[in-house]
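1. Generate a structure from the sequence data that follows.
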Amino acid sequence: MKEGNRGLSPGVWTALALVIALGLWEAAAAAGHVNEFFFSRPSQLWQEFLTMLSSGMLAKHLSVTCQEAGLGLLFGGVLGTLAGLGLGMSPRVGRALMPVMTGLNGLPKLALGPLFIIWFGLGLQSKVLISALMVFFIFAFNLYAGVRSVDQDLIGAVKLLGGSRWQTMGKVIWPACLPWLLAGLRTSLGLSLSGAIVGEYLGSTRGMGWLLSAAGDLFNAQRVLCCVLILVVIIVLLDGIVRLLERRLLRWRGPAA
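-> Predicted structure coming up:
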């Protein structure tokens, strides 16, 4: 009975909804209900994608943005993880510094972008720093919450059995924080990409942000929408990879509800 009631998987429903939405969009544009100058249509976006792909334009600019976002995710993720673990394991320091970090996180990242451009120039460094700043606080807050959620009685039991600080970290705290880390990673995928694109908007001669800005200046809605959809697809694919990793690493939790 359970096998027969499963129905379609969520992925199939998502694909079906996407196909229906694209079909309605194409039909509305063909019937003249959608202004193609402002909203284009799926068939034209596909042609634009093939043009960008065959000319090498897409590979050139996308590789730059992915490099910036990847480095930003790496540096921001590692530093944020270390900060969250450190503050979580030092309650007094955590209580003193978390309000400061909350205030810093509230600063508009777009406003800080020009400062990074002034300090580090128009090259790779400024884009990586903006991207890292976008994800640093996500990891820091998630790992801090993960450490504080660990059962203190369990930590006390490990210490009573003679466990060292590092053994407590490796056997109790880190496994408990792993779901928080993966949740932060999923959230940060899009933010790291957004940080790189913001940096390219502010000052660059290459990258998807520059490509979007140049297309917008020329009122080329077709290219803008094509670039946006490409970025959305990339984020969805990366999120799917993290989901698979999450299922493999967190098998001990059992199936999700």
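2. what secondary structure does residue 201 sit in?
-> helix (DSSP: H, G, I helix; E, B strand; the rest coil).
3. Just list the residues touching it, thanks.
-> 209-210, 212-213 (C-beta atoms under 8 Å, 6 or more residues apart in numbering). Any C-beta I mention is one placed from the backbone N, CA and C, and that applies to glycine too.
4. So residue 107, which state does it fall into?
-> Once three-state DSSP is applied, residue 107 turns out coil.
5. What residues does it make contact with?
-> Contacts of residue 107 (C-beta under 8 Å, 6+ apart): none.
6. at 10 Å instead, please
-> residue 133 (C-beta atoms under 10 Å, 6 or more residues apart in numbering).
7. quick one on the thing from earlier: mind picking the two most distant members of the contacts of residue 201?
-> Pairwise distances across these (C-beta to C-beta) peak at 7.3 Å, for the pair 210 and 212.
8. Which ones among the contacts of residue 201 lie within helices?
-> Among those, the ones falling in helices (DSSP state H) are 209-210, 212-213.
9. Pick out whichever of those residues sits closest to residue 138.
-> Of all those, residue 209 has the smallest distance to residue 138: 20.5 Å, by C-beta to C-beta.
10. is it true that that closest one touches residue 61?
-> Yes. Residue 209 lies in contact with residue 61 (C-beta atoms under 10 Å); the separation is 8.7 Å.
11. Looking at these two, which is more packed in?
-> Each of residue 209 and residue 61 has its neighbours counted (other C-beta atoms under 10 Å); residue 209 has more, 27 against 22.
12. What strand or helix carries residue 243?
-> helix 221-249 (DSSP states H and E).
13. Show me what counts as buried in that helix.
-> 221-227, 230-231, 234-235, 238, 246 (16 or more other C-beta atoms under 10 Å).
14. can you list the weak-confidence ranges in the stretch 51-200 of the chain?
-> Applying pLDDT under 70 to the stretch 51-200 of the chain flags residues 153, 156, 161-165, 167, 170.
15. Show me the helices in it, by range?
-> 57-89, 91-105, 109-120, 124-148, 152-160, 165-168, 174-202 (DSSP state H, counting those that start in this stretch).
16. tell me how far the fourth one is from the chain's mean position?
-> In other words, helix 124-148. 11 Å (C-alpha atoms, centre = their mean, to the nearest Å).
17. repeat for the first one
-> Helix 57-89 has its average C-alpha position 9 Å from the chain's average C-alpha position, going by C-alpha atoms, centre = their mean.
18. Repeat that for the second one.
-> Averaging C-alpha positions (C-alpha atoms, centre = their mean) puts helix 91-105 24 Å from its chain's average.
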